[in-house]
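> My questions concern the predicted model and sequence given below.
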Amino acid sequence: MACAVPDEDVSDTMLWTFDEPVGTLHIYEDFLEAQIGGVISAAAVTLSRFLLQRPELVRGKRCLELGSGCGMVSMVASKLEAASIQPTEVEGTIPHLESNLKLNKIDCETKSLWWGNKAQEAALDKYDIGFAAYCLYHHEVVDVFTSLLAAQESIFLVCGLPEISENKTLEETVLYAWLKECERQQLNLYLLSVDDIDPFTKKEESMQITKDNTTTLNDNHKSNENDQENVASNKIIPSKDKKMMSDNLLNDRIGKILNDTSLTTHQLCGGVWYVTKQSIPPSYPALLTIRNTVKYTVIC
């Protein structure tokens, strides 16, 4: 497949402006050529902005990105003085990724990576921290994706899970399947941020996880905006809307944790998760902590 855009042609790109030292990025999007990897996701923007708030996470570190797509998160890490970046994608999307990196004069080596391909996984360079923005969009990849997160004694920042639709129970969601797989693979998860999860200023529906036997969607966009304002001050006001949880799920440890938190599913799916086999640094207070043991913490 040919690169979708000439190396120096920025006339047909979208400009994304971040605070310094990142500045402006030129991003060429092409869904027809690169499918979902050819467009910028809300999760990529959210994760990029989070890194700007926590540059010490990447400064001087070797960085790996799974499912890089257009390469935005890797570009931001590079601008934040990462020691190296290692963007990865499936083989067919690599030309699109590389064309965007060249447009922004980012000099790095990309790697072709199909999750579960042991030879390609073994060929990855060593890394200190990994990123994954909107990589888990269906159940079929949950196990191989999570195995990658658990492969090294490193840190991953994961952002962007499919939100719960009105015709699904929590047990049927990617969110629940991923949390259960992380528990099985003995990973610690910390939800660090639920700020700035609507970078396209789009009003999103949000549902609160509860024991109620009804599912309703949020028409009151103002209440969701208020949720975001209160998150910044660590005062999370629960949404009024409900999401069904079965009695069986409430006997499940992960189900109990999700039921006890006042976070909405929009926040759980759109926030930034810190995933590791290590402990969380004390300088990163977690909104929600899911540990290997029966202990958990919710800070509101």
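Right, received. Where do you want to start?

> show me where pLDDT drops low in the stretch 201-300 of the chain?
By pLDDT under 70, the low-scoring segments of the stretch 201-300 of the chain are 201-250, 292-300.

> Now do V90: how many residues are near it, please.
17 (other Cβ atoms under 10 Å). Glycine gets a C-beta too; all of them are placed from N, C-alpha and C.

> In this structure it contacts W114, no?
Yes. Using Cβ atoms under 8 Å as the test, V90 is close enough to W114 to be in contact (5.8 Å).

> who touches L191 in this structure?
The neighbourhood of L191, defined by Cβ atoms under 8 Å, 6 or more residues apart in numbering, consists of L263, Q267, L268, G271, V272, W273, Y274, A286, L287, L288, T289.

> residues touching T146, list them.
Counting by Cβ under 8 Å, 6+ apart, T146 makes contact with W178, E181, C182, Q185, L187.

> now do 6 Å
By Cβ atoms under 6 Å, 6 or more residues apart in numbering, T146 lies in contact with E181, C182, Q185.

> Among these, which one has the most neighbours?
C182 (22 neighbours).

> Can you give the contact residues for the helix or strand where that one lies?
Assessed by DSSP states H and E, C182 sits inside helix 174-184. The contact list for helix 174-184, computed with Cβ under 6 Å, 6+ apart, reads L136, H139, V142, D143, T146, L161, P162, L170, L189, I254, C269.

> Can you lay out these as TSV showing distance to A43?
Shown next, in TSV, are the contacts of helix 174-184 (distance: Cβ to Cβ, whole Å):
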residue	distance to A43
L136	10
H139	18
V142	16
D143	20
T146	17
L161	8
P162	11
L170	20
L189	16
I254	21
C269	9
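
> Buried ones among those residues?
Of the members of those, the ones counted as buried by neighbours, 16 or more other Cβ atoms under 10 Å, are L136, V142, T146, L161, L170, L189, I254, C269.

> These: which two are farthest apart?
Of all pairs drawn from the buried ones among the contacts of helix 174-184, the widest gap by Cβ to Cβ lies between T146 and L170 and measures 18.2 Å.

> re the thing from before, flag every buried residue along the helix holding C182.
V174, L175, Y176, A177, W178, L179, K180, E181, C182, E183.
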